[in-house]
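**Student:** Build me a model from this:
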Amino acid sequence: MTAPAQTPDPGSAPAAAARRLVEARYGEGLAAVLGGSAAGGRFTARSDLDIAVLLPEGGRDRRETVRHEGRCAEVFLHTAADLRTLFAEGGANRRATMAFLHAGSVPLYDPHGLAAERCREARELIAAGPAPLTDAERDDSRYLLTDLAEDLADTAGPGQDPHEQLALADRTLREAAHLLSAVRGAWSGARKWLPRRLRAADPVLGAALLDGHLAVARHGGPGPLCAAAHTVLGLVGGPLREGLVHTRGPGGPGTAGG
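**Tutor:** Below is the predicted model of the structure:
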């Protein structure tokens, strides 16, 4: 049985374990924080420790996965300059992964307030929200979601390949979540963060997308997910197929949704 979630503070058991790991392996760090589930009230017996270590300028930017005291830890090591670059990249891809880690973190070691400054920058970025989609990005996403929803609708009925259907449902959910989050001016997410951020962006329509995806997985019925996807499309002008000019290079639409 999975242990119930707990909300740690800087003196909690997860934070104490993370602090011992930093002291044992990352003595070159100027500061360190604990983020992720251990800092956000979702910590369980199987949770990793997500640790960010601030390096002096010239330090080697890297990510390490280690095991410490029987628990897996993901350790992100960046200089202040590297971290600002990652914050900017996260803003551009609309997920802000590293900013979220810092924004919701608890301090492990910060004698000069350097981590506190980075965390403040992260919270400001998160609070500001992602930039609106450009017209090209919006139309690129409209086109892709239209295409996916049509392909998914074609899998209704007997004789269809359930593996193809589920693969299409996964991609449809991701693209619809990307577009809906952008419309609502909210951050999007991947993996377990996709449903969390989607519900936060739009509790009603986000739930309809998630329930529609579940209907495909459980019953092989694509109708509810297709209907929810078309509701999302209705927020940005409806389905788009004919008329899109898809170019590559500066100024052209990219690949929406990732």
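
**Student:** Show me how this structure divides into domains.
**Tutor:** 13-128, 135-234 (automatic domain parsing).

**Student:** Any chance of a markdown table for the ones you listed, columns mean neighbour count and mean pLDDT?
**Tutor:** Using the backbone N, CA and C atoms, a C-beta is placed for each residue, glycine as well. As requested, those are arranged in a markdown table below (neighbours: other C-beta atoms under 10 Å; pLDDT from 0 to 100):
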| stretch | mean neighbour count | mean pLDDT |
| --- | --- | --- |
| domain 13-128 | 18 | 92 |
| domain 135-234 | 18 | 96 |
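
**Student:** ok, then the element right after the longest strand seen in the chain?
**Tutor:** The strand that spans the most residues within the chain, counting by DSSP state E, is strand 71-79. The C-terminal neighbour of strand 71-79 among helices and strands, as given by DSSP states H and E, is helix 80-93.

**Student:** need the next SSE after that following helix, C-terminal direction.
**Tutor:** Following helix 80-93 toward the C-terminus (DSSP H and E): helix 97-103.

**Student:** need the next SSE after that next one, C-terminal direction.
**Tutor:** strand 106-109.

**Student:** Please identify the pairing partners of the longest strand of the chain and their relative orientation?
**Tutor:** strand 49-55 (parallel), strand 62-68 (antiparallel) (DSSP bridges).

**Student:** residue closest to the middle of the protein?
**Tutor:** The centroid of the chain falls nearest to G189 when counting by C-alpha atoms, centre = their mean (2.5 Å).

**Student:** how much space is there between the closest residue in space to it that isn't next to it in sequence and A96?
**Tutor:** Closest residue in space to G189, ignoring its immediate chain neighbours: R197 at 3.8 Å, by C-beta to C-beta, 6 or more residues apart in numbering. Relative to A96, R197 is positioned 10 Å away (C-beta to C-beta, to the nearest Å).

**Student:** what's the answer for L152, then?
**Tutor:** From L152 to A96 the distance is 29 Å (C-beta to C-beta).

**Student:** if we can go back for a sec, give me the contacts around the longest strand of the chain.
**Tutor:** For strand 71-79, the surrounding residues in contact (C-beta atoms under 8 Å, 6 or more residues apart in numbering) are 17-18, 21, 25-26, 29, 36, 48-67, 86, 98, 101.

**Student:** now for stretch 179-191, what's the gap between its first and last residues?
**Tutor:** Taking C-alpha to C-alpha, to the nearest Å, the first and last residues of stretch 179-191 lie 16 Å apart.

**Student:** before we move on, what about stretch 187-205?
**Tutor:** End-to-end distance for stretch 187-205: 15 Å, by C-alpha to C-alpha.

**Student:** now do stretch 191-206
**Tutor:** Taking C-alpha to C-alpha as the criterion, the two ends of stretch 191-206 lie 15 Å apart.

**Student:** contacts for stretch 204-224?
**Tutor:** 152-153, 155-156, 160, 162, 165-166, 168-170, 172-173, 176-177, 180, 195, 198-200, 225-229, 231-232.
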